[in-house]
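Asker: Okay, predicted coordinates and the sequence, questions at the end:
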Amino acid sequence: MTYRPAETAFGPPWVVLVPAMIYLAMALGAISVVVAAHVGPTTSSLHAWVVEQDPRRLIGSRTFAALIAASALSVLLRASMRGVRIRPDGIEYRDVLTLGWPRVRRYRWPQIDRIILDGPRTIVLDLWDGTHALLPEVGDRAGLAMALEKVAHARAIPVRGGKGVDEIPESDEFADEA
């Protein structure tokens with residue numbers, strides 16, 4: 001019987017999420033300005049600028065706030081969907097290309113000839129057809145490397161640059177019963 005690892009996911013690093021979080025904070029700021037203008041006193045200049053000039057605008061302030069909030073949430077969701085997932089049948093990684101176009105690649109375990117863990121931030125898969133697949137950066141690179149190394153050891157896939165698999169069980173299932 002072939003080893004089938006449990007499904008684990010490794011998300012993107014925090015550096016990738018920072019621009020999306022800044023955009024979300026700016027959207028929340030715009031929403032708070034619109035709410036303050038609608039709730040505030042009618043004699044304030046904010047009320048006059050936002051609420052009283054709404055009929056002259058192409059898009060109203062409430063519609064603008066809703067659109068920018070939806071846009072910020074979608075950017076944050078798209079940025080957080082990046083990452084690598086180890087599945088029982090192979091590896092799946094998701095990345096976002098130029099202009100937000102998503103890319104999903106799946107590689108089955110028999111397609112992988114070697115796993116290269118030499119790079120300080122990257123992990124490369126040598127594939128059966130002579131090509132290489134560069135996995136995207138993840139937040140927990142050491143955890144991903146360790147998980148890939150365990151799967152490679154169990155499935156007899158050569159690893160270059162690994163730290164070695166610890167064969168000592170972590171649980172007390174083999175402890176002497178006194």
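Answerer: Sure thing, it's come through.
Asker: residues near the spatially closest residue to residue 40 that is not a sequence neighbour, how many?
Answerer: Nearest non-adjacent residue to residue 40, counting by CB to CB, 6 or more residues apart in numbering: residue 47, 5.5 Å away. Every residue, glycine included, has its C-beta placed from N, CA and C. Using other CB atoms under 10 Å, residue 47 is surrounded by 16 other residues.
Asker: What of residue 60?
Answerer: When neighbours are defined as other CB under 10 Å, residue 60 has 15 of them.
Asker: go on, the one 10 residues further on?
Answerer: Applying other CB under 10 Å, we find 11 residues neighbouring residue 70.
Asker: Phi, psi for it please.
Answerer: Main-chain dihedrals, residue 70, degrees, to the nearest 10: phi -60, psi -40.
Asker: got a pLDDT number for it?
Answerer: What the model reports as pLDDT for residue 70 is 95.
Asker: hang on, residue 8 packs against residue 85?
Answerer: Yes. Assessed by CB atoms under 8 Å, residue 8 is found in contact with residue 85 at 7.2 Å.
Asker: okay, those two: which has more neighbours?
Answerer: Remark: of residue 8 and residue 85, residue 85 carries more neighbours, 16 against 13, as counted by other CB under 10 Å.
Asker: picking that back up, now for the residue nearest to residue 40: which residues touch it?
Answerer: Each residue near residue 47 by CB atoms under 8 Å, 6 or more residues apart in numbering is listed here: 37, 38, 40, 41.
Asker: Select only the buried ones of those residues in ChimeraX?
Answerer: Selection of buried members from the contacts of residue 47 for ChimeraX, criterion 16 or more other CB atoms under 10 Å:
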select :37
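Asker: Farthest pair within the contacts of residue 47?
Answerer: 38 and 41 (11.1 Å; CB to CB).
Asker: what's near enough to touch residue 67?
Answerer: Counted by CB under 8 Å, 6+ apart, residue 67 has contacts residue 59.
Asker: helix or strand for it, which one?
Answerer: Per DSSP states H and E, residue 67 falls inside helix 61-80.
Asker: Buried by neighbour count: which residues of that helix qualify?
Answerer: Buried, per 16+ other CB under 10 Å, within helix 61-80: 61, 64, 65, 68, 72, 75, 76, 79.
Asker: repeat for stretch 122-131
Answerer: Applying 16+ other CB under 10 Å to stretch 122-131 flags 123, 124, 125, 126 as buried.
Asker: hmm, who's touching it?
Answerer: 91, 107, 110-117, 132-135, 137, 141, 144-145, 148.
Asker: Produce a ChimeraX select command limited to the buried residues of those residues.
Answerer: Per 16+ other CB under 10 Å, the buried members of the contacts of stretch 122-131 correspond to this ChimeraX selection:
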select :91,107,111,112,115,116,117,135,137,141,144,145,148
